[in-house]
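Chemist: prediction below, plus the sequence it came from.
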Amino acid sequence: MNTALTTCPSSSPDTPSPASPDVPSTGEALPKRLVAELIRLVNDDVMTLDTGNALLAALRLPTLPDGRRVDFRVPVATPALGERPSEIFRDAQAQIAAQVGAWRHTCLDGLHEGYGIEDMHERIDGLPLYRVHADLFLTVTVAAHPPGNALCTAKELLTADLAGVDDFTVRADRIEFCDEDEDQDEGEDLDNDEDVWCPLD
């Protein structure tokens with residue numbers, strides 16, 4: 001089941017978040033800042049989740065849940081050179097793979113069947129330049145996230161990786177969360193907690 005994403009609440013420590021039984025209550029600004037910073041450090045691979053949780057436990061604060069992987073379907077368009085469709089697709093795949101390979105949190109799981117090719121724009125070194133449209137299946141590794149907030153954290157990490165895209169265009173308004181659990185109701189987050197911090201359409 002693919003579900004369109006809505007805007008996630010801000011993860012800034014200065015922005016109030018919906019209450020969760022596993023997160024320090026309103027007014028405990030310092031623990032919230034600490035948790036937010038630990039999540040950032042773990043996702044940036046500066047420290048391990050075990051180390052972060054050991055620190056939280058020593059401070060008698062709730063520990064963070066295990067990390068997880070979150071899948072998205074992301075429409076993109078990339079310029080590609082070639083005389084024949086096979087050459088155009090090969091060049092498009094090479095450019096996409098090179099770009100995704102430089103990302104920190106996101107990896108390429110595959111391409112959706114089917115491409116779209118626009119009319120030739122120009123020629124470069126004698127080869128025609130086209131614009132190829134494709135849907136990428138991307139997996140974001142979320143090493144740490146607040147309880148009940150894995151999807152929003154994954155979206156933030158994906159957005160950070162997409163911000164560095166140079167070679168192709170991303171249709172951010174059409175990014176979809178790919179849920180393998182067909183029985184999950186729309187509007188539920190990944191952890192199936194009572195508090196849904198990242199509502200889906």
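Modeler: That came in fine, so what should we check first?
Chemist: wait, what's in contact with the closest residue in space to residue 104 that isn't next to it in sequence?
Modeler: Closest residue in space to residue 104, ignoring its immediate chain neighbours: residue 161 at 6.3 Å, by C-beta to C-beta, 6 or more residues apart in numbering. No exception for glycine: its C-beta is placed from N, CA and C like everyone else's. Residues counted as contacts of residue 161 (C-beta atoms under 8 Å, 6 or more residues apart in numbering) are 103-106, 140.
Chemist: buried ones among these?
Modeler: 103, 105-106, 140 (16 or more other C-beta atoms under 10 Å).
Chemist: sorry, back to before: next step: the contacts of residue 161 restricted to helices.
Modeler: Nothing among these maps onto helices, per DSSP state H.
Chemist: need those in CSV with distance to residue 172 and pLDDT, can you?
Modeler: What follows is the contacts of residue 161, written out as CSV (distance: C-beta to C-beta, whole Å; pLDDT from 0 to 100):
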residue, distance to residue 172, pLDDT
103, 15, 92
104, 18, 92
105, 16, 95
106, 14, 94
140, 15, 96
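Chemist: take the residues you listed and lay them out in JSON lines including distance to residue 169.
Modeler: Shown next, in JSON lines, are the contacts of residue 161 (distance: C-beta to C-beta, whole Å):
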{"residue": "103", "distance to residue 169": "16"}
{"residue": "104", "distance to residue 169": "21"}
{"residue": "105", "distance to residue 169": "20"}
{"residue": "106", "distance to residue 169": "17"}
{"residue": "140", "distance to residue 169": "20"}
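Chemist: all set, thanks.
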